[in-house]
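>>> mind looking at a prediction? Sequence and model below.
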Amino acid sequence: MSGEQAAPRTPAEGAATAAPGRGANEPGEHALWEDRTRVFLQPLAAPSILGLFGFAGATMMVGAWQAGWYGNAGTPLILWPFVLFFGGLAQFLAGMWSYRARDGLATAVHGMWGAFWLGWGALFMLVSIGAAPAALAPTLGTVREGFAFWFVPLAVITGLCALAALGENMVLALLLACLAVGAGFTSAGFWAPSNWSLDVGGWLFVASAVIALYAAAAMMMENTFGRTILPTGKYRVAGNIPGGRGVRPLEYKHGEPGVKIGQ
């Protein structure tokens with residue numbers, strides 16, 4: 001009737017109404033999205049945690065041997081199983097998982113260095129079981145031009161990754177810069193040959209391993225505590241303050257619906 005006003009219509013329970021505003025967290029937040037785009041949630045932990053730990057373990061052991069801190073010419077015949085699986089396979093898998101995490105830099109770094117450590121371990125495995133002549137094994141202080149070329153593409157590509165890492169954080173950029181220069185010195189040491197060049201390459205490998213341990217620990221603690229514990233030189237100021245948050249997660253106030261974080 002003309003003299004009556006129609007009662008306001010209320011949406012049925014669970015039905016979508018208007019699109020939520022930025023940062024909406026009202027009780028009906030889920031209902032607002034219910035009839036809209038479906039998102040297939042497949043959360044991943046940061047693959048670089050595993051990748052950096054695997055890289056650090058293999059690089060520290062081989063770098064210290066290369067620098068002459070321990071061992072002899074037969075030491076790689078003992079190291080290869082650890083290097084092959086921990087430094088090679090684990091890191092290579094981290095690189096493949098980085099595809100799923102849509103991290104191009106981690107994909108390149110872990111995929112490349114994981115493949116390198118797989119090759120390093122496979123070479124010494126073949127020598128240790130007698131499937132390849134011992135003369136093929138690279139020996140410190142002798143000319144090994146073929147083995148020197150292994151480190152040429154590693155140095156170039158890792159250097160490019162170091163430049164790309166400047167857009168992420170300074171710790172990762174420093175790690176990759178040390179690694180690239182260390183690969184360059186190692187290549188020169190097997191090409192010349194030059195013991196001092198191999199020593200410098202080994203020192204830089206150990207330095208990069210120590211930085212990798214720090215970076216992996218920082219990522220792992222940020223995941224477990226939900227905030228920055230060890231700063232990594234991110235451009236976002238809050239990401240460098242212990243207790244701060246480096247990123248603003250794109251999720252509901254209480255997390256992702258139906259997704260359990262942790263094990």
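That came through, no problem.

>>> what sits against the closest residue to N195 other than its chain neighbours?
Spatially, and ignoring its direct neighbours in sequence, N195 is nearest to G141 (5.4 Å; CB to CB, 6 or more residues apart in numbering). C-betas here are computed from N, CA, C, even on glycine. Contact analysis of G141 by CB atoms under 8 Å, 6 or more residues apart in numbering lists 193, 195, 198.

>>> ok so G141 is a helix residue?
No - applying DSSP: H, G, I helix; E, B strand; the rest coil, one finds G141 to be coil, outside a helix.

>>> helices or strands up against the top helix by length along the chain?
Criterion DSSP state H: the longest helix present in the chain is helix 195-225. For helix 195-225, the packing partners by 3 or more CB pairs under 8 Å, 6 or more residues apart in numbering; DSSP states H and E come out as helix 47-66, helix 170-191.

>>> buried residues, stretch 92-101. List them.
92-95, 97-98, 101 (16 or more other CB atoms under 10 Å).

>>> got the CA coordinates for it in CSV?
C-alpha atoms of stretch 92-101 as CSV (Å, rounded to 0.1, in the frame of the first residue of the first chain):
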residue,chain,number,x,y,z
PHE,A,92,67.5,-29.8,-5.8
LEU,A,93,64.1,-30.8,-4.4
ALA,A,94,63.9,-27.5,-2.6
GLY,A,95,64.5,-25.8,-6.0
MET,A,96,61.6,-27.8,-7.6
TRP,A,97,59.3,-26.9,-4.7
SER,A,98,60.3,-23.3,-5.2
TYR,A,99,58.4,-23.5,-8.5
ARG,A,100,55.2,-24.2,-6.5
ALA,A,101,56.1,-21.3,-4.2
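
>>> hmm, W80 and F124 touching each other?
Yes - assessed by CB atoms under 8 Å, F124 is found in contact with W80 at 3.9 Å.

>>> which residues touch A215?
Applying CB under 8 Å, 6+ apart, the residues contacting A215 are 48, 52, 171-172, 175, 232.

>>> which of the residues you listed are buried? Put it as a PyMOL command.
This is how PyMOL selects the buried members of these, with burial counted by 16+ other CB under 10 Å:
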select buried, resi 48+52+171+172+175+232
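
>>> how about the contacts of A215 in JSON lines, adding distance to L105 and pLDDT?
Listed next are the contacts of A215 as JSON lines, based on distance: CB to CB, whole Å; pLDDT from 0 to 100:
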{"residue": "S48", "distance to L105": "9", "pLDDT": "93"}
{"residue": "L52", "distance to L105": "12", "pLDDT": "96"}
{"residue": "V171", "distance to L105": "13", "pLDDT": "95"}
{"residue": "L172", "distance to L105": "8", "pLDDT": "95"}
{"residue": "L175", "distance to L105": "12", "pLDDT": "97"}
{"residue": "T232", "distance to L105": "14", "pLDDT": "88"}
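
>>> what's near enough to touch the residue nearest the centre of the chain?
The centroid of the chain falls nearest to S48 when counting by CA atoms, centre = their mean (2.6 Å). The neighbourhood of S48, defined by CB under 8 Å, 6+ apart, consists of 94, 98, 103, 106, 110, 215-216, 219.

>>> same question for M220.
Contacts of M220 by CB under 8 Å, 6+ apart are I49.

>>> do you know how far it is from P153?
Going from M220 to P153 by CB to CB, to the nearest Å gives 30 Å.

>>> over to G111?
Taken as CB to CB, the span from G111 to P153 is 13 Å.

>>> which one's more surrounded, these two?
G111 (19 against 13; other CB atoms under 10 Å).

>>> now the more buried one. Nearest residue, chain neighbours left out?
Nearest to G111 is G95, by CB to CB, 6+ apart, at 3.3 Å.

>>> need the pLDDT of the nearest residue to G68 once chain neighbours are set aside.
In space, and not counting its chain neighbours, G68 is closest to D199: 6.3 Å by CB to CB, 6+ apart. Listed pLDDT for D199 reads 96.

>>> wait, doesn't D199 sit right on A64?
No - look at D199 against A64 with CB under 8 Å: they stay out of range, at 10.9 Å.
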